[in-house]
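A.B. asks: Fold the following.
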Amino acid sequence: MASSQEKGFGRALCIITGASKGFGWSLAREIAPLLKPGSVLLLAARSGDKLQTLQADLAASEASSAGLQVRCVVADLGQKEGVESVIAEAKETRCEDIDHLLLFNNAASLGDISRYAQSFTDMSEMDSYLSFNVSSALSLTSGILTAFPQRSGLQRCVVNVSSLCAVKPFRSWVMYCTGKAARDMMFRVLAEEEPELRVLNYAPGPLDTDMQLQARSTSADENMRKSFADMHEEGRLLTCEESVAKLLKVLLEDDYPSGTHLDFYDL
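C.D. replies: Residues are numbered from 1 along each chain as shown. Alright, predicted model coming up:
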């Protein structure tokens, strides 16, 4: 009997935001071999050069599906036009041509962690942060699900790349914690409203990325800086590949309650 990893995701449209580096980059590389010929891997990010590099890497990889079409969209998801451009590119794939829709809402930013909550007096600063980190995720998800409605033979799955910060407050991280908590609840509501849809909030754990470097370098709170620096020095950070592998295993086994929050260390 074939394992879940061997069977893969079938012929799919797979959309990954924030695909130009870190977790999104690794996710694109690891999921490509699990997509059958005829699938489309749609990669979105603000950096066109990095997306083109990833696209070339996937094309040269022997592990990638021979019939996989990789498309790139350079988009600022903090802007309405950026969200619309990703949806428009996704619509180039006909719904009847796929049997699996996968949307990974990975794009996010840490925000200004060099200050404490009481210093955020400028509403426009928070509005801009929430537009990119919260509003865009809902608008993009809604647009994609509308473009690819439920039908017989189509499995639809939406993944929100979450964080421990969605459920635990971190000093001097008011913007990031607020955004992650809002996104988790947003997708929990979606799971309640759409019972046929598979929804997962996945916290990938402490990753060895540029964001972690920013965390241990610029956090206003001294204990936060020390905690992240110790994790780095002691080799307790996860690679993106480790975390992606666990996420893909969960998705392939498809045995989680829709809308749940799962952490890397829960699995």
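A.B. asks: Helices of the stretch 51-200 of the chain, residue ranges please.
C.D. replies: When assigned using DSSP state H, counting those that start in this stretch, the helices of the stretch 51-200 of the chain occupy the ranges 80-90, 123-130, 136-147, 174-193.
A.B. asks: could you dump those helices to TSV with mean neighbour count, distance to Leu251 and mean pLDDT?
C.D. replies: In short, each C-beta sits where N, CA and C put it, glycine included. Converted to TSV, those look like this (neighbours: other Cβ atoms under 10 Å; distance: least, Cβ to Cβ, whole Å; pLDDT from 0 to 100):
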stretch	mean neighbour count	distance to Leu251	mean pLDDT
helix 80-90	18	19	98
helix 123-130	13	27	97
helix 136-147	19	16	98
helix 174-193	19	15	98
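A.B. asks: of the ones you listed, which approaches Ser243 most closely?
C.D. replies: The minimum distance between Ser243 and the helices of the stretch 51-200 of the chain falls on helix 174-193, with 15.8 Å, by Cβ to Cβ.
A.B. asks: hmm, who's touching the closest one?
C.D. replies: Outside of helix 174-193, the residues that reach it under the criterion Cβ atoms under 8 Å, 6 or more residues apart in numbering are 105, 108, 110-113, 116-117, 120, 126, 129-130, 133-134, 137-138, 141, 158, 160, 162-163, 165-170, 197, 199, 201, 258-259, 261.
A.B. asks: Output the helices of the stretch 51-200 of the chain as JSON lines; include the columns distance to Phe23.
C.D. replies: Supplementary listing: the helices of the stretch 51-200 of the chain in JSON lines, determined by distance: least, Cβ to Cβ, whole Å:
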{"stretch": "helix 80-90", "distance to Phe23": "18"}
{"stretch": "helix 123-130", "distance to Phe23": "19"}
{"stretch": "helix 136-147", "distance to Phe23": "15"}
{"stretch": "helix 174-193", "distance to Phe23": "14"}
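A.B. asks: which intervals of the protein have sub-threshold pLDDT?
C.D. replies: 1-6, 63, 65 (pLDDT under 70).
A.B. asks: Point to the residue nearest the middle of it.
C.D. replies: Within the chain, the residue whose C-alpha comes closest to the C-alpha centroid is Asn106; the distance, by Cα atoms, centre = their mean, is 2.0 Å.
A.B. asks: If you go by neighbour count, which of the contacts of helix 174-193 are buried?
C.D. replies: 105, 108, 110-113, 120, 126, 129-130, 133-134, 137-138, 141, 158, 160, 162-163, 165-166, 170, 197, 199, 201, 258-259, 261 (16 or more other Cβ atoms under 10 Å).
A.B. asks: I'd like to know which of those are part of strands.
C.D. replies: Asn105, Val158, Asn160, Val199, Asn201, His261 (DSSP state E).
A.B. asks: So what pairs up with the first one in the strands?
C.D. replies: Okay, so that is Asn105. Beta-bridge pairing of Asn105 under DSSP bridges involves Asn160.
A.B. asks: For Lys180, see how far away it is.
C.D. replies: 11 Å (Cβ to Cβ, to the nearest Å).
A.B. asks: State the number of residues packed around Lys226.
C.D. replies: Other residues within reach of Lys226 by the criterion other Cβ atoms under 10 Å amount to 12.
A.B. asks: Now name the helix or strand holding it.
C.D. replies: With elements delineated by DSSP states H and E, Lys226 resides in helix 222-233, which encompasses its position.
A.B. asks: and that helix, how far from the chain's centre?
C.D. replies: Here the centre of helix 222-233 is set off from its chain's centre by 25 Å, with Cα atoms, centre = their mean, to the nearest Å.
A.B. asks: Now the element after it, going C-ward?
C.D. replies: The first helix or strand that comes after helix 222-233 along the chain, using DSSP H and E, is helix 240-253.
A.B. asks: Tell me which residues are up against the helix holding Lys226.
C.D. replies: Defining contact as Cβ under 8 Å, 6+ apart, one finds that helix 222-233 is touched by 113, 170-173, 206, 208, 212, 215-217, 219, 236-237.
A.B. asks: and if we set it to 6 Å?
C.D. replies: Helix 222-233 is contacted from outside by Arg171, Pro206, Ala215, Arg216, Ser219, Leu237, using Cβ atoms under 6 Å, 6 or more residues apart in numbering.
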